[in-house]
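J.: The sequence isn't on hand, but the structure is:
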């Protein structure tokens, strides 16, 4: 099931530079020449995120704190995963390219996951609460989900079957602590890796701009329901591929305004 989405046609070369901890990263890549959107350039953004993470990984390894995430460790594949609507649309498009039997098997796994969540009394909370925010209530909900030991529908034989196109929340979840600590983070110390850039919050923000609910994301385990409801991420406009890319990079590099101070 490990497949890549089809490559877009009518491409144009673009060049740009990005700051990394160790210097500048010069990038030359291809993007759609004509009208485009974030869904079409998502593979490029995934590749950029991988490059940033590799840079952070190298620095941590050099300082004697290597990232402990590795193939064969699937503890994080039992966590609640949020995906932006941009990612939901891309994953939905990819799923529709799969053979019918693979689509049916995925549908079975998604439905089994939701049945297990319903039996645990978590469905309503998953649907309506912001469980990936840094609050005590969100942390409790995330732990309640984890302790159900419900595998991600894309987990196959202990490995991610969509690893090249996995969500940004998965890409950006990294630790330097022992992998087995992720099995029970409430009692074992988990040392997360802060990243200088995180793509998921920006994709969520952009998704919210075209979302009636202004939420901009869904739980990954609700993806099948989202598809069956005929939902889509509709990014309006007639920007070209280079314009879409540079607009996103500009937003990523714009400093966030300082939080308001209490009076």
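T.: Thanks, I have the structure now. Keep in mind the model is a prediction, meaning the values are calculated, not measured.
J.: switch to C-alpha atoms for all contacts and neighbour counts from now on
T.: Noted.
J.: The residue lying closest to residue 167 once chain neighbours are set aside - how many residues pack around it?
T.: With CA to CA, 6 or more residues apart in numbering as the criterion, residue 167 has its nearest non-adjacent residue at 6.3 Å, and that residue is residue 83. Neighbours of residue 83 under the rule other CA atoms under 10 Å: 26.
J.: try residue 19
T.: A total of 11 residues lie near residue 19 under the criterion other CA under 10 Å.
J.: shouldn't it be in contact with residue 51?
T.: No: using CA atoms under 8 Å as the test, residue 19 is too far from residue 51 to be in contact (11.4 Å).
J.: just to revisit the earlier point, kindly confirm my reading that the residue nearest to residue 167 is in a helix.
T.: No: checked against DSSP: H, G, I helix; E, B strand; the rest coil, residue 83 lies outside a helix; its state is strand.
J.: give me the beta-bridge partners of it?
T.: Counting by DSSP bridges, residue 83 forms beta bridges with residue 218.
J.: need the contact list for it.
T.: Going by CA atoms under 8 Å, 6 or more residues apart in numbering, residue 83 touches 167, 168, 169, 200, 204, 217, 218, 219, 220.
J.: buried ones in the helix or strand hosting the fifth one?
T.: Applying DSSP states H and E as the criterion places residue 204 in helix 199-209. Buried residues in helix 199-209, defined by neighbour count with 16 or more other CA atoms under 10 Å: 199, 200, 201, 202, 203, 204, 205, 206, 207, 208.
J.: how deep is the nearest residue to the last one once chain neighbours are set aside tucked in, by neighbour count?
T.: By that I understand residue 208. Of all residues not flanking residue 208 in the chain, residue 216 sits nearest, at 3.6 Å (CA to CA, 6+ apart). Residue neighbour count, defined by other CA under 10 Å, stands at 21 for residue 216.
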